[in-house]
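*Asks:* the sequence and its predicted three-dimensional model are supplied below.
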Amino acid sequence: MTKFSNLVRRVQESTADVCKAAQHVHLNKKEAWQVASAMSYQELEHLTSDRAFDADLHFTDGGPLTVLYLLCVDSINFCFWPQCGLEYEHLARGLKEALIRDKQALDPHRLACFDGDQLQKLLSLTTPMPAQDRRAELLREVGQQLLSHFDGRPQNLIAQAEGSAVRLVDLIANSFPGFQDRTMYRGREVWFLKRAQIFVGDVWGAFQGQGLGRFDDISELTMFADYRVPVVLRQMGILVYSAQLANMVDTRYELAAESEEEVEIRACTIQAVEELKSALRERSSRDGCPVPHSVQLDWFLWERGERERETAPPHHRTWTTFY
Ligand SMILES: Nc1nc2c(c(CN[C@H]3C=C[C@H](O)[C@@H]3O)cn2[C@@H]2O[C@H](COP(=O)(O)O)[C@@H](O)[C@H]2O)c(=O)[nH]1
């Protein structure tokens, strides 16, 4: 059993350090508290009751094949923007249709032999995406590592987490190298684990927090540091970019992966959602309003970003396999 290292805590702590030291991005905490106080009670009730999992878009069959499907989706859930018109939904729906077409895959007894080749074949049945070869390698890794560490059974992966979302993130990051979303910032390690955490959030959502999706500590997860949510937080005035960074982002200049600018955007995005949650906790002590998990705040912000993507300012552009 891989040593438990609580990588989610490393995400919390390392991104808080980056946010404090950031030169190109400012987290306006006062604005975050304003936004939190302006959220309606009804909105918060909906947020906290909703696991925001889109069951029409995704494959769900109530069993381990759903876990495997989500592991495949989230192993290649990154960088759609270079291909005009391509969105996350095309990936989710494409893999769902490929799985349903591959009738044999639906035989639960066959699940254990879902190896790298089968998973890679699924990709060839979906919409071509940027870096198709890299995505095929990442899918192959899912098949290989699932076979070598978990007897090819996704339910074994879930069982080893023993009902802990944090342990499951650790297992994913330690068992599937492609999910190890971390970098260096001014000589110190920074962790984001966006796809590992979104996988756990998706399993929790797909199973409505029950059975294979039951986690006692889902509240520990951070938001998922992608390129859509920072746009919404910037529009709210919670994230403020330096004039130079604002110009780079607004003119669609590509930010290098692991550059200070990119790392600061991702770290401050995570900390902005934590600040919103702190503000809502404080408000709740006064008016008893429901307090969403970071996962639920994330979905609220992401789906708002999706709705407004045609009219919103540009998101930052970084070529990466992490988000
Ligand atoms: N923070 C955050 N980022 C998310 C998601 C999702 C999908 N969530 C669904 C899954 C289950 C529920 O039904 C959710 O609705 C994708 N992404 C990221 O966004 C970017 C894609 O954007 P665009 O090019 O516009 O499709 C890309 O980095 C992708 O990895 C999320 O929930 N939170």
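*Replies:* All right, it came through fine.

*Asks:* where does Gln12 fall, secondary structure wise?
*Replies:* Using DSSP states H and E, Gln12 sits within helix 7-21.

*Asks:* and that helix, C-alpha only, in PDB?
*Replies:* This file holds the C-alpha atoms of helix 7-21, laid out as PDB (Å, rounded to 0.1, in the frame of the first residue of the first chain):
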ATOM      1  CA  LEU A   7      -1.200  15.500  -1.000                       C
ATOM      2  CA  VAL A   8      -4.500  17.600  -0.800                       C
ATOM      3  CA  ARG A   9      -3.000  19.300   2.300                       C
ATOM      4  CA  ARG A  10       0.100  20.000   0.200                       C
ATOM      5  CA  VAL A  11      -2.200  21.600  -2.400                       C
ATOM      6  CA  GLN A  12      -3.800  23.800   0.300                       C
ATOM      7  CA  GLU A  13      -0.500  24.900   1.900                       C
ATOM      8  CA  SER A  14       1.700  25.300  -1.200                       C
ATOM      9  CA  THR A  15      -0.900  27.400  -3.100                       C
ATOM     10  CA  ALA A  16      -1.400  29.600   0.000                       C
ATOM     11  CA  ASP A  17       2.300  30.300   0.000                       C
ATOM     12  CA  VAL A  18       2.300  31.200  -3.700                       C
ATOM     13  CA  CYS A  19      -0.700  33.400  -3.300                       C
ATOM     14  CA  LYS A  20       1.000  35.400  -0.500                       C
ATOM     15  CA  ALA A  21       4.200  35.900  -2.600                       C
END
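
*Asks:* what are the buried residues along that helix?
*Replies:* Leu7, Val8, Arg10, Val11, Gln12, Ser14, Thr15, Val18, Cys19 (16 or more other Cβ atoms under 10 Å). Every residue, glycine included, has its C-beta placed from N, CA and C.

*Asks:* okay if I get these as CSV plus pLDDT and distance to the ligand?
*Replies:* Putting these into CSV (pLDDT from 0 to 100; distance: Cβ to the nearest ligand atom, whole Å) gives the following:
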residue, pLDDT, distance to the ligand
Leu7, 98, 18
Val8, 98, 15
Arg10, 98, 19
Val11, 98, 13
Gln12, 98, 16
Ser14, 98, 18
Thr15, 98, 14
Val18, 98, 18
Cys19, 98, 17
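
*Asks:* mind pulling up the pLDDT for the residue nearest to the spatial centre of the chain?
*Replies:* The centroid of the chain falls nearest to Ile198 when counting by Cα atoms, centre = their mean (3.2 Å). Looking at Ile198, its pLDDT reads 98.

*Asks:* what about the nearest residue to it once chain neighbours are set aside, how many neighbours?
*Replies:* Nearest residue to Ile198, sequence neighbours excluded (Cβ to Cβ, 6 or more residues apart in numbering): Phe224, at 4.4 Å. Counted with other Cβ atoms under 10 Å, residues neighbouring Phe224 total 30.

*Asks:* these two touch, right, Phe224 and Ala196?
*Replies:* No. Assessed by Cβ atoms under 8 Å, Phe224 is found out of contact with Ala196, at 9.4 Å.

*Asks:* where does the residue nearest to Ile198 land in three-state SS?
*Replies:* Assigned by DSSP: H, G, I helix; E, B strand; the rest coil, the conformation of Phe224 is coil.

*Asks:* cool, Thr183 as well?
*Replies:* strand.

*Asks:* please enumerate the strands of the stretch 151-300 of the chain.
*Replies:* 182-185, 188-191, 239-241 (DSSP state E, counting those that start in this stretch).

*Asks:* show me the contacts for Arg135.
*Replies:* Listed by Cβ atoms under 8 Å, 6 or more residues apart in numbering, the contact partners of Arg135 are Ile76, Leu123, Met129.

*Asks:* distance of the residue nearest to Phe53 when sequence neighbours are not counted from Leu212?
*Replies:* Nearest non-adjacent residue to Phe53, counting by Cβ to Cβ, 6+ apart: Gly205, 3.0 Å away. Look at Gly205 and Leu212: by Cβ to Cβ, to the nearest Å, they are 12 Å apart.

*Asks:* understood, closing this out.
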